[in-house]
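Enquirer: Here is my input; please provide its structure:
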Amino acid sequence: MADTFICSIELSKTAGITLTVQNEGGGITQTIHMDGTAITLKVESEESTSTIVQTAEKLVSTVAGNEQTSTVTQVQDLVRIECKSFEVDAETVSVKSSADTTHEAGGKFTAKSTDDMTIKSSAKLAMSSTGAMSLSSNDALTAKAVNDAQVQGKNATVKGSMNLTLSAGMAAKLSGTTVEGSATAKMDLAGAMTTVGKDLTTIRGSMVKVEGGLVKLG
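Expert: Purely as a prediction, here's the structure:
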């Protein structure tokens, strides 16, 4: 047997028109109210109420439950969405702003792509972290600057699992309070002009060989 509806229409010269439909069997009440300024559409049940209020300046959609409420507010220059969770599920998503864009999270922030990802700025780009920062790749990794490049840290380590190459188009400098170079097999120092030592220099080995067309000691 179908539910029995109770329908009513109220007309008022001051309050406007109210149309009400009550579904007693389903516990649902539907109301449309027009007062000359706003149109209000409301659907109420025991657990939730959805409301749409429309005026000439604003459109507000609200869904209120026993624990949470979500609201969408639209005016001529703003659309605001207030909710506990916000989801967009689409094949293609495009977001564009002609001025500033801000993304802020009070918890974790994750950006993930199963294909290529590009982050590009026509001006400066700054990335910072108050905690540890990690940059890794399962393939090649390239860091390049047209002007000066600087890597700085309390302790800095550059490591190659196979080969390590450090080169400069002009001068290359390695300095420190103590500088140590070691090799498990062979180490070469070579140059058109090579200088080893300054104030106190020790050359030591089980066998030391000094050779040249001209050798000057002292």
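Enquirer: so which helix or strand takes in T165?
Expert: Assigned by DSSP states H and E, T165 falls within no helix or strand.
Enquirer: give the contact list for it.
Expert: By CB atoms under 8 Å, 6 or more residues apart in numbering, the contact set of T165 is empty. In short, each C-beta sits where N, CA and C put it, glycine included.
Enquirer: and V158, what does it touch?
Expert: With CB under 8 Å, 6+ apart, V158 has these contacts: L164.
Enquirer: what's the first-to-last distance across stretch 34-49?
Expert: By CA to CA, to the nearest Å, the extent of stretch 34-49 from end to end equals 19 Å.
Enquirer: Which parts of the protein are strands?
Expert: Under the criterion DSSP state E, the chain contains strands at 5-12, 16-23, 28-34, 39-44, 48-54, 59-65, 69-75, 78-82.
Enquirer: Put together TSV for those, with distance to A185, mean neighbour count and mean pLDDT on each row.
Expert: Compiled in TSV, those are given as follows (distance: least, CB to CB, whole Å; neighbours: other CB atoms under 10 Å; pLDDT from 0 to 100):
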stretch	distance to A185	mean neighbour count	mean pLDDT
strand 5-12	93	10	94
strand 16-23	88	15	96
strand 28-34	84	16	97
strand 39-44	81	16	98
strand 48-54	75	15	98
strand 59-65	72	15	97
strand 69-75	68	14	98
strand 78-82	65	10	97
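Enquirer: can you put those strands in JSON lines and add distance to L164?
Expert: Shown next, in JSON lines, are these (distance: least, CB to CB, whole Å):
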{"stretch": "strand 5-12", "distance to L164": "82"}
{"stretch": "strand 16-23", "distance to L164": "77"}
{"stretch": "strand 28-34", "distance to L164": "73"}
{"stretch": "strand 39-44", "distance to L164": "69"}
{"stretch": "strand 48-54", "distance to L164": "64"}
{"stretch": "strand 59-65", "distance to L164": "60"}
{"stretch": "strand 69-75", "distance to L164": "56"}
{"stretch": "strand 78-82", "distance to L164": "52"}
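Enquirer: Out of those, flag the one nearest D115.
Expert: Smallest distance to D115 across the strands of the chain (CB to CB): 28.1 Å, for strand 78-82.
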